[in-house]
Each structure stands twice: as C-alpha cells, then as structure tokens.
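Visitor: What follows is a protein structure lacking sequence information:
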C-alpha cells in the first residue's frame, strides 16, 4: 500500500567525528556523510531514524516535502 511519494529527510553533518567512537563514525558513513556540512536526502524509514538518533549530536535534520 503505497500512499504516494515516500517522505524524505535532509540530514546535514554539523559535528566532527574526530575523537568519537568508531561505531558513530561508521554510522555517519552509512548515512552518506563523512565531511562537515555535507548533506544527504534520505527516505524517512525507521532504520534511517535509528541511525540519525545514534549521531543526533553531530547532525541536523530537516523534513522535506
């Protein structure tokens, strides 16, 4: 049951992964982020939300229509 286009979120890296645990650095890479101020447009899925929650102190999230 697809209710139309999938919702998306814009995730922008605002913090440095230097001196962070390895799993947090790997989560940023999994989100497609690895440099400061880089942004990615991602589907709003529970998996992506979980990854964002893990590195919420290093990213900014915006809802996209």
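Guide: Here it is on my side, so go on. Note that the structure is predicted; figures quoted are calculated from it, not measured.
Visitor: ok, which stretches of the chain are strands?
Guide: Assigned by DSSP state E, the chain shows strands spanning 8-13, 39-43, 59-64.
Visitor: Quick check: which of those strands is nearest to residue 28?
Guide: Closest to residue 28 of those is strand 8-13 (Cβ to Cβ; 6.4 Å). The C-beta positions use only the backbone N, C-alpha and C, and glycine is treated the same way.
Visitor: list the helices and strands the closest one packs on?
Guide: If contacts are counted by 3 or more Cβ pairs under 8 Å, 6 or more residues apart in numbering; DSSP states H and E, strand 8-13 sits against strand 39-43, helix 46-54, strand 59-64.
Visitor: what lines up beside that strand in the sheet?
Guide: Using DSSP bridges, the strands paired with strand 8-13 are strand 39-43 (antiparallel), strand 59-64 (antiparallel).
Visitor: So for residue 10, which of the ones you listed sits nearest?
Guide: Using Cβ to Cβ, the nearest of the strands paired with strand 8-13 to residue 10 is strand 59-64, at 4.4 Å.
Visitor: Tell me the buried residues in that closest one?
Guide: Within strand 59-64, the residues scored as buried using 16 or more other Cβ atoms under 10 Å are 59, 61.
Visitor: Check the nearest residue to residue 25 once chain neighbours are set aside and give its pLDDT.
Guide: The shortest distance from residue 25 to any non-neighbouring residue, by Cβ to Cβ, 6 or more residues apart in numbering, is to residue 17 (4.3 Å). On pLDDT, residue 17 comes in at 95.
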